[in-house]
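Enquirer: what follows is a predicted structure for the sequence shown.
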Amino acid sequence: MTAAQPDVTVVIGAYEAMPYLVECLASVEAQTLDAARLEVIAVDDGSQDGTGEYLEEFAARAPMAVTVVRQENSGGPSGPRNVGLSKATGRYVFFLDADDRLGVEALERMVAMADRNGTDVVLGRVEGINRKPPKSMWGETLDRTDVYSSNIKFTLSAQKLFRREFLERHGMRFDESLWTGEDALFTMEAYLRADGVSVVADYTCYYLVGRTDGKQVTKSGSYTLRFDSARALMGLLERLVPPGAKRDVLMVRPFLVTVLPQFGPVFLRNDEEIRRTKMELAKPLMDTYWNEGVAQRLRVHERLRLELVARQRPELLVDVLEFIKAKSEPVPVLKKRDTQLFLAYPHYRSRTAGLPDRIYLAEPREAREFPGWRKDPTETFLRGFTRKVRRRIRRLRRPMRPGGRAAA
């Protein structure tokens, strides 16, 4: 690091961002990180509401270095982010949406976390304002983790701290051909390539603001764009992760977050043409990426719906969705001395439907919610034995201290 190099470049892509932009920039100006260690690259993406003019006013008075780029509308967030990234000079880069805001200590805490642990990506706790934020990954602060052993795969937005040298080394940029889900593609690739990821869970670093004017980018776009996003993310996972359990763990994310919502309550409201088109768009994804390793990681109603999509059975899917819409509860069916629990959603054991029982079999994490189910003692023994073997192997791999004892 040279004296002239800032610690963080904050990249702000802004389109029709007023009046939210005012508080966004105020949160940047309020950072406890010294202004001399911070630069802002703000890209006005063809706004007509005074966004560009306000950015220039901010640049004229802000205590940190601010560069404003004004360009014709690119049609999505990828272009402005790529422009900002190409002009960034900081050791780290943070992508801030123009309608959101930072916690006062956010950048200082995240930079300290990355410096202390040598990690390439840092996630800061997110809270929502009129929006529902991701929650499952904020259970504890983690100095160093990865995408397999934590829930970070369920937050793939771009609002994170990235080591810029790491991004440049891998030539990473946002895919400008995608109109939605471009940040998921970028962030998942970063997770997979990173030398460690840190999580700041004990301080709110980012406030996700829900707009009331209907211009929220993440809420716009047709269902076809969602399938484009799923296809791109699944393709990335196929390229970067070999077949097996690790890939299956990550494939849960696009199936659960991107594909499954297209076959939820909205499917009942869709006309026949849209239903047919959704089934057609989903088919190649199901044929290529849906497997038992992914299926067994889902709850029964999730697995059942996706299995019906894979089998191209929309008429059965409608029955399941009507059952769920009515808030009906499936009858639990215990078998194998109460160690197996099946949830009798529509078409369970139906000869005409021809669906295998395994689709309705609840995994232990779901089965334990029902009285009467108990763990299979054989399975419990095998899992315990496997854990002991793994611990033994880890101990044997530890470097030896003088005197022949393994290091602690």
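Expert: Everything's here; your move.

Enquirer: make it CA atoms for all contacts and neighbour counts henceforth
Expert: OK.

Enquirer: now the strands: where do they sit in the stretch 1-150 of the chain?
Expert: 8-14, 38-45, 65-71, 92-97, 101-102, 121-129, 142-145 (DSSP state E, counting those that start in this stretch).

Enquirer: heading C-terminal from the last one, find the next helix or strand.
Expert: Secondary structure here is assigned by DSSP states H and E; on that basis, the next helix or strand after strand 142-145 toward the C-terminus is strand 161-163.

Enquirer: could you give me the average pLDDT of the next helix or strand after that next one?
Expert: The element immediately downstream of strand 161-163 (helix or strand, assigned by DSSP H and E) is helix 164-169. For helix 164-169, mean pLDDT is 98.

Enquirer: which other helices and strands contact helix 164-169?
Expert: strand 92-97 (3 or more CA pairs under 8 Å, 6 or more residues apart in numbering; DSSP states H and E).

Enquirer: what lines up beside the strand it packs on in the sheet?
Expert: strand 8-14 (parallel), strand 161-163 (antiparallel) (DSSP bridges).

Enquirer: helix, strand, or coil at M188?
Expert: helix (DSSP: H, G, I helix; E, B strand; the rest coil).

Enquirer: so how many other residues sit close to it?
Expert: 23 (other CA atoms under 10 Å).

Enquirer: which one is it nearest to, not counting chain neighbours?
Expert: Nearest residue to M188, sequence neighbours excluded (CA to CA, 6 or more residues apart in numbering): L156, at 6.4 Å.

Enquirer: go on, R226?
Expert: T258 is the one closest to R226 (CA to CA, 6+ apart), at 6.3 Å.

Enquirer: residue contacts, the one you found?
Expert: Taking CA atoms under 8 Å, 6 or more residues apart in numbering, we find T258 in contact with R226, F227, S229, A230.

Enquirer: distance of it from L225?
Expert: 10 Å (CA to CA, to the nearest Å).

Enquirer: if we can go back for a sec, I'd say the residue nearest to M188 and D183 touch.
Expert: Yes - contact criterion CA atoms under 8 Å: L156 and D183 qualify, at 6.4 Å.

Enquirer: where does the residue nearest to G103 when sequence neighbours are not counted sit: helix, strand or coil?
Expert: Nearest residue to G103 in three dimensions, chain neighbours excluded: C205, at 4.5 Å (CA to CA, 6+ apart). Recorded secondary structure, C205: strand (three-state DSSP).

Enquirer: go ahead and confirm C205 touches V126.
Expert: Yes - counting by CA under 8 Å, C205 does reach V126; the two are 6.2 Å apart.

Enquirer: using PDB, list the CA coordinates for stretch 148-168.
Expert: Only the C-alpha atoms of stretch 148-168 are listed here, as PDB (Å, rounded to 0.1, in the frame of the first residue of the first chain):
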ATOM      1  CA  TYR A 148     -19.500 -24.800   1.800                       C
ATOM      2  CA  SER A 149     -19.300 -24.600   5.600                       C
ATOM      3  CA  SER A 150     -21.600 -21.500   6.100                       C
ATOM      4  CA  ASN A 151     -24.800 -20.000   4.800                       C
ATOM      5  CA  ILE A 152     -23.200 -17.200   2.800                       C
ATOM      6  CA  LYS A 153     -24.400 -18.900  -0.400                       C
ATOM      7  CA  PHE A 154     -27.800 -17.400   0.500                       C
ATOM      8  CA  THR A 155     -26.600 -13.800   0.300                       C
ATOM      9  CA  LEU A 156     -25.200 -13.300  -3.200                       C
ATOM     10  CA  SER A 157     -25.900  -9.500  -3.500                       C
ATOM     11  CA  ALA A 158     -22.900  -7.400  -4.500                       C
ATOM     12  CA  GLN A 159     -22.900  -5.300  -1.400                       C
ATOM     13  CA  LYS A 160     -19.700  -6.700   0.100                       C
ATOM     14  CA  LEU A 161     -16.100  -5.800   0.500                       C
ATOM     15  CA  PHE A 162     -13.900  -7.300  -2.100                       C
ATOM     16  CA  ARG A 163     -10.100  -7.300  -2.300                       C
ATOM     17  CA  ARG A 164      -9.500  -5.400  -5.600                       C
ATOM     18  CA  GLU A 165      -6.200  -7.200  -6.500                       C
ATOM     19  CA  PHE A 166      -8.100 -10.500  -6.200                       C
ATOM     20  CA  LEU A 167     -10.800  -9.300  -8.600                       C
ATOM     21  CA  GLU A 168      -8.300  -8.000 -11.100                       C
END
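
Enquirer: switch to numbering from 18
Expert: Sure thing, new numbering starts at 18, so read that last one as stretch 165-185.

Enquirer: so where is the stretch 318-425 of the chain shaky, pLDDT-wise?
Expert: The model of the stretch 318-425 of the chain has pLDDT under 70 over residues 395-404, 406-408, 410-425.

Enquirer: and the strands in it, which stretches?
Expert: Counting by DSSP E, counting those that start in this stretch, the strands of the stretch 318-425 of the chain are 348-352, 357-361.

Enquirer: what packs against the last one?
Expert: In other words, strand 357-361. Packed next to strand 357-361, using 3+ CA pairs under 8 Å, 6+ apart, are strand 348-352.

Enquirer: number of residues surrounding G92?
Expert: For G92, using other CA under 10 Å, the count is 13.

Enquirer: could you check how far it is from A47?
Expert: In terms of CA to CA, G92 sits 30 Å off from A47.
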